[in-house]
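S.K.: Have a look at this prediction, sequence included:
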Amino acid sequence: MDRPTPPSDRPPPLSLDSALQLLAHSGQPAPAGEPGTAAWMQGLIDALVDLSSRDALTGLANRRSFDLALGREIDRVARSGEPALLLALDIDHFKRVNDNFGHGAGDLVIQAVAGALLDCVRPMDLVARVGGEEFAIILPNCPSAFGETVAERVRRRVERMPVTVGPGQNLSVSVSVGGAFAPQWVRSTPALWVERADQQLYRAKALGRNVVQLEPTAVSLVSNDEKRLLFETSSFQDFE
Amino acid sequence: MTQAKSQHPPSRIAAITSGKGGVGKTFVAANLAAALARQGRRVLVLDADLGLANLDVVLNLQPKITLHDVFTRKATLQEAVLPAPGGFSVLLAGSGMVEYSRMTPEVRDQLQRVIDEVAPRYDHVLLDTGAGISDVVLYTVSLADDVIIVATPEPTSLTDAYATIKVLATTQGRRAMGVLVNQVRRPGEGRAVRQQLQTVVDRYVNPGLDSFVRLDLLGELPADPAVRDAVQRRQLLLESMPGAPAAVAMSVVATRMIEEAP
């Protein structure tokens, strides 16, 4: 006969087995302390949060934490007026790697590029994997005069890095880099910032890949071609 | 519980900007406000040209209290809102605002606070920005629902209007902007100017965007000797010569703005 459970202030026991399994599987240490205590639970939750904000293949920030960080950064820039740069990167001809060397090789390339990106930014910068072969880097407090240098350093670093995908099989890969600075002071949206960086990435791809293309800081610059078209008299002639 | 419904639709905030100086921004702001007021609208013009304010000059006002006093908390916002000759209200920047002509967190917070506080009491708030595309101008425009670009058919004005449109489209995601062409020499020239700007935007700006920028011609104001006279005498054209061609054209613009308000 089951005895009725005595009334208790304690919460009902949780089933944490799959959470612990997930942590163990992903190589995370088990939470420290006596299981069931508040400190242990906090450790478990922290580890799960960390896990859910990282990309499984590379350990970089994933799309979810990138979106969060981008929202925070754009607020900060609007408040402080500090410059911040967003770089959008894409591995060039990645499909060829997969097609010619298999998906395992593709994974190795992605991991190698991730490592290279992490190697050439500051600890305060956030490197994220935002898609299959797409990466993004948020660089807070990056003066516009340094943007080109930073982006170029990243590009060159990847270009010079051999990736070993099998015995005696070394690949070299490259990335195209697009970038845009956040509008200082002005309230904007993360989506618009990403769009602007992406536009530059498309331009970099169109220019033949393995190049850096930053949005000109002075978008107010009007080129001679634009002026020529602006002053073209065709539509004014009707009134002469 | 139901929320009390506001009697009036929310106010429309329009930023009047131009890139180039001297194309008639402040003249437009003041007279457009008068034209809207004549049609029964509650209008406030805020002189957002904090460094080189001259709305007071155009309106022949010698304000004792300005935005400067509000920013430094020497006066309340209510004390700084003044009646202007054309039946609308003004918030003047006045002199001594040079320290606010550069963007700082303080300028941002103050401008935002002032606009948030004052806007609900009006149908239209017109922000008269400074010339150029400085941080302060761009920030002021970002606070507005609508953008009115004032341009003249001069090449320099066209270039600066185009640069402004480009910056607002790319950095603020503006997709619809109004163009008001001033000092037009023949009927239809305003339409040609808008078309010319749109052509260059279509060729050089739109291809890089996910959706297209559309420029609307809000109206054209004929080059009119009466304008010069009114400006010289520091009077509103709509008050001193309401029948002058430029005043009539301004009223047409006001009617359109009222009809098209959502």
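M.R.: Arrived safely, thanks for sending.
S.K.: for chain B, which spans come out with low pLDDT?
M.R.: B:1-9, B:95-96, B:262 (pLDDT under 70).
S.K.: So which residues on it come close to chain A?
M.R.: Contacts of chain B with chain A, taken as Cβ under 8 Å from any Cβ of the partner chain, map to B:103-105, B:108, B:133, B:135, B:138-139, B:142, B:153, B:155, B:158-159, B:162-164, B:166-167, B:170-173, B:186, B:188-189, B:192, B:195-197, B:199-200, B:203-204, B:208-210. Just so you know, the C-beta spots here come from the backbone N, C-alpha and C atoms, and that holds for glycine as well.
S.K.: Can I have the buried ones of the residues you listed as a ChimeraX selection?
M.R.: This is the ChimeraX syntax for the buried subset of these, where burial follows 16 or more other Cβ atoms under 10 Å in any protein chain shown:
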select /B:103,108,133,135,138,139,142,153,158,159,162,163,164,166,167,170,171,172,173,189,192,196,197,200,204,208,209
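S.K.: In strands, which of the residues of chain B next to chain A fall?
M.R.: The strands in this structure, assigned by DSSP state E, contain none of the residues of chain B next to chain A.
S.K.: Now intersect the residues of chain B next to chain A with the helices, please.
M.R.: Assignment to helices by DSSP state H places the following of the residues of chain B next to chain A there: B:105, B:108, B:135, B:138-139, B:142, B:155, B:158-159, B:162-164, B:166-167, B:170-172, B:189, B:192, B:195-197, B:199-200.
S.K.: Tell me where the chain has strands.
M.R.: No chain in the question, so chain A it is. Secondary structure of chain A, counting by DSSP E: strands at A:84-91, A:126-129, A:134-140, A:162-166, A:169-172, A:175-181, A:212-214.
S.K.: wait, I meant chain B there
M.R.: According to DSSP E, the strands that chain B contains are B:12-17, B:43-47, B:82-83, B:89-91, B:124-128, B:146-151, B:176-184, B:214-222.
S.K.: Give me the helices and strands touching the fourth one, please.
M.R.: Secondary-structure packing of strand B:89-91 (3 or more Cβ pairs under 8 Å, 6 or more residues apart in numbering or on different chains; DSSP states H and E): strand B:43-47, strand B:82-83.
S.K.: Dihedrals phi and psi, the closest residue to residue B:255 other than its chain neighbours?
M.R.: Distances taken as Cβ to Cβ, 6 or more residues apart in numbering or on different chains put residue B:39 closest to residue B:255, at 6.8 Å, once the chain neighbours are dropped. Comment: the main-chain dihedrals of residue B:39 come out as phi -100, psi 20, following degrees, to the nearest 10.
S.K.: Might one say that residue B:39 is in contact with residue B:253?
M.R.: No - in this structure, residue B:39 is not within contact of residue B:253 by Cβ atoms under 8 Å, at 11.1 Å.
S.K.: out of the two, which sits in the busier spot?
M.R.: In this view residue B:39 and residue B:253 are compared by other Cβ atoms under 10 Å in any protein chain shown, and residue B:253 has more residues nearby, 22 against 13.
S.K.: ok, the more buried one - contacts?
M.R.: By Cβ atoms under 8 Å, 6 or more residues apart in numbering or on different chains, the contact list for residue B:253 reads B:32, B:35, B:180, B:218, B:219, B:221.
S.K.: Return the closest of the residues you listed with respect to chain A.
M.R.: residue B:221 (16.1 Å; Cβ to the nearest Cβ).
S.K.: how many other residues sit next to that closest one?
M.R.: Every residue meeting other Cβ under 10 Å relative to residue B:221 is counted, giving 29.
S.K.: For the strands of chain A, please prepare JSON lines with the additional fields distance to residue B:230, mean neighbour count and mean pLDDT.
M.R.: Below are the strands of chain A laid out as JSON lines (distance: least, Cβ to Cβ, whole Å; neighbours: other Cβ atoms under 10 Å in any protein chain shown; pLDDT from 0 to 100):
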{"stretch": "strand A:84-91", "distance to residue B:230": "47", "mean neighbour count": "25", "mean pLDDT": "97"}
{"stretch": "strand A:126-129", "distance to residue B:230": "56", "mean neighbour count": "24", "mean pLDDT": "98"}
{"stretch": "strand A:134-140", "distance to residue B:230": "51", "mean neighbour count": "24", "mean pLDDT": "97"}
{"stretch": "strand A:162-166", "distance to residue B:230": "73", "mean neighbour count": "15", "mean pLDDT": "91"}
{"stretch": "strand A:169-172", "distance to residue B:230": "71", "mean neighbour count": "12", "mean pLDDT": "92"}
{"stretch": "strand A:175-181", "distance to residue B:230": "43", "mean neighbour count": "26", "mean pLDDT": "96"}
{"stretch": "strand A:212-214", "distance to residue B:230": "47", "mean neighbour count": "23", "mean pLDDT": "96"}
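S.K.: could I get those as TSV with distance to residue A:106?
M.R.: As requested, the strands of chain A are exported to TSV (distance: least, Cβ to Cβ, whole Å):
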stretch	distance to residue A:106
strand A:84-91	9
strand A:126-129	13
strand A:134-140	13
strand A:162-166	9
strand A:169-172	10
strand A:175-181	15
strand A:212-214	24
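S.K.: Residue B:98: which of the ones you listed is closest?
M.R.: Checking the strands of chain A against residue B:98 by Cβ to Cβ gives strand A:175-181 as the closest, at 27.3 Å.
S.K.: The nearest residue to residue B:166 once chain neighbours are set aside: neighbour count?
M.R.: Using Cβ to Cβ, 6+ apart and skipping the chain neighbours, the partner closest in space to residue B:166 is residue B:205 (5.4 Å). For residue B:205, the neighbour count with other Cβ under 10 Å is 20.
S.K.: Can you tell me what sits against stretch B:239-252?
M.R.: Judged by Cβ under 8 Å, 6+ apart, the contacts made with stretch B:239-252 from elsewhere in the structure are B:28, B:31-32, B:34-35, B:38-39, B:85-86, B:219-222, B:224, B:226-227, B:229-230, B:233, B:237-238.
S.K.: Residue A:136 pairs with what?
M.R.: Residue A:136 has the following beta-bridge partners by DSSP bridges: residue A:88, residue A:128.
S.K.: Surely it and residue A:121 touch.
M.R.: No - Residue A:136 lies out of contact with residue A:121 (Cβ under 8 Å); the separation is 11.5 Å.
S.K.: Mind listing the shared neighbours of the two?
M.R.: The contact sets of residue A:136 and residue A:121 overlap at residue A:127 (Cβ under 8 Å, 6+ apart).
S.K.: just to revisit the earlier point, which one, of the strands of chain B, ends up nearest to residue A:206?
M.R.: Using Cβ to Cβ as the criterion, the shortest distance between residue A:206 and those is 25.6 Å, found for strand B:214-222.
S.K.: Show me the helices in chain A, by range?
M.R.: Ranges of helices within chain A are A:17-25, A:38-52, A:63-80, A:94-101, A:103-119, A:144-159, A:190-206, A:224-231, A:234-237, based on DSSP H.
S.K.: Including mean neighbour count and distance to chain B, could the ones you listed go into JSON lines?
M.R.: Rendered in JSON lines, the data for the helices of chain A read as follows (neighbours: other Cβ atoms under 10 Å in any protein chain shown; distance: least, Cβ to the nearest Cβ, whole Å):
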{"stretch": "helix A:17-25", "mean neighbour count": "12", "distance to chain B": "38"}
{"stretch": "helix A:38-52", "mean neighbour count": "14", "distance to chain B": "30"}
{"stretch": "helix A:63-80", "mean neighbour count": "17", "distance to chain B": "6"}
{"stretch": "helix A:94-101", "mean neighbour count": "15", "distance to chain B": "24"}
{"stretch": "helix A:103-119", "mean neighbour count": "18", "distance to chain B": "25"}
{"stretch": "helix A:144-159", "mean neighbour count": "17", "distance to chain B": "13"}
{"stretch": "helix A:190-206", "mean neighbour count": "19", "distance to chain B": "5"}
{"stretch": "helix A:224-231", "mean neighbour count": "14", "distance to chain B": "5"}
{"stretch": "helix A:234-237", "mean neighbour count": "14", "distance to chain B": "5"}
